[in-house]
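Chemist: got a predicted structure here, sequence first:
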Amino acid sequence: MRLVISALILVAALYVVMLVAAWRMQERIVWQPPRLAQYPTADTRRLDYRSDDGQPLFAFLIGDPAQAPGLLIAYHGNADLAAWVVPWAREVERATGWAVLVPEYRGYGGLGGSPDYLSSQRDARATYRLAREQLGADSARIALYGHSLGSAIATELSVEHAPAVLILEAPFTSAREMARGPLAPVTLLWGVIARIHFDTRSRVAELDVPTWVVHGERDGIIPVRMGRAVHAAARIRGELLLVRGAGHNDVSDVAGEVYWSWLRRALESASR
């Protein structure tokens, strides 16, 4: 009996340690900024602005929103940099004619500050203000895109500022469901310990916005079933593109012209 009681105490202690660790480290798990600060080559304009709490931010602009059919605001993943997304953004402009704005997160790309759930919302709002007030983009011609973590940020912003179309690449259903992998036991008390409340599946079900989803079938970071679930939950469904043989970061490379045709259709739907 003593061995049983000792074992139960040990299990309870380990569980408490896991809860404390998950509570303390959740932002570090979600946001993983590369220890680099890079600036793209020529033909890329950097725009500096501030969030409403005074945090300095910047974004890279590709193309001219005044001449383009619209402006695509693109949010990158958790271990990415805005500078690394610029080549993709250039290809978007070439393939679709749309201008692209790629914002950087606080704590990334040489910016100070520490990213968290509330600051991600605050900074996304600041980027939207930049697009509307400084770039003069018509709200009816703004589309939102997000890859991985960025898909959740783009979706959260869509609740407050409905875009012409919401484009999600490798989206996850919710932060809670993502935690079920490495942190499965702590999800029992997720509502108590969580400070990160991304819930893309629930959000898209509320949006009167066409939601287009693309996902690699061999994604080892965010399983393709999550992309399927997000698309299925959307109130207004755009096209679902599942790319055979693609992982988490190589969807456009593996799919090639199929991907760019899909993206063109998504953005063309925003102009109707």
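Modeler: Great, that's in hand.
Chemist: for the stretch 1-150 of the chain, what spans make up the helices?
Modeler: Assigned helices in the stretch 1-150 of the chain, in chain order: 2-30, 82-96, 117-129, 149-160 (criterion: DSSP state H, counting those that start in this stretch).
Chemist: buried set for the shortest one?
Modeler: This means helix 149-160. Within helix 149-160, the residues that qualify as buried by neighbour count (16 or more other Cβ atoms under 10 Å) are 149, 150, 151, 152, 153, 154, 155, 156, 157, 158. All C-beta atoms are positioned from the backbone trio N, CA, C, and that covers glycine.
Chemist: the fifth one against residue 75, yeah?
Modeler: Yes. Counting by Cβ atoms under 8 Å, residue 153 touches residue 75, with 4.6 Å between them.
Chemist: overlap in contacts, the two.
Modeler: 124, 146 (Cβ atoms under 8 Å, 6 or more residues apart in numbering).
Chemist: that older thread, looking at the helices of the stretch 1-150 of the chain, which has the lowest confidence?
Modeler: Lowest mean pLDDT within the helices of the stretch 1-150 of the chain: helix 2-30, at a mean of 55.
Chemist: can you tell me which of the buried residues of helix 149-160 comes closest to residue 60?
Modeler: residue 150 (14.2 Å; Cβ to Cβ).
Chemist: list the contacts for residue 31?
Modeler: Residues in contact with residue 31 (Cβ under 8 Å, 6+ apart) are 78, 105, 107, 115, 116, 149.
Chemist: just among the residues you listed, which is most surrounded?
Modeler: Among the contacts of residue 31, the one with the most neighbours (other Cβ atoms under 10 Å) is residue 149, at 27 neighbours.
Chemist: for the spatially closest residue to it that is not a sequence neighbour, grab phi and psi.
Modeler: Residue nearest to residue 149 in three dimensions, not counting chain neighbours: residue 78, with 4.0 Å by Cβ to Cβ, 6 or more residues apart in numbering. Backbone torsions of residue 78, given as degrees, to the nearest 10, read phi -80, psi -30.
Chemist: quick one: the residue positioned nearest the centre of the chain from residue 69, how far?
Modeler: With distances taken as Cα atoms, centre = their mean, residue 150 lies nearest the centre of the chain, 1.0 Å away. Distance of residue 150 to residue 69, given as Cβ to Cβ, to the nearest Å: 22 Å.
Chemist: same deal with residue 229?
Modeler: As judged by Cβ to Cβ, residue 229 and residue 69 stand 31 Å apart.
Chemist: neighbour count for the two, which is higher?
Modeler: residue 229 (19 against 16).
Chemist: need the contact list for the more buried one.
Modeler: Residue 229 neighbours (Cβ under 8 Å, 6+ apart): 173, 201.
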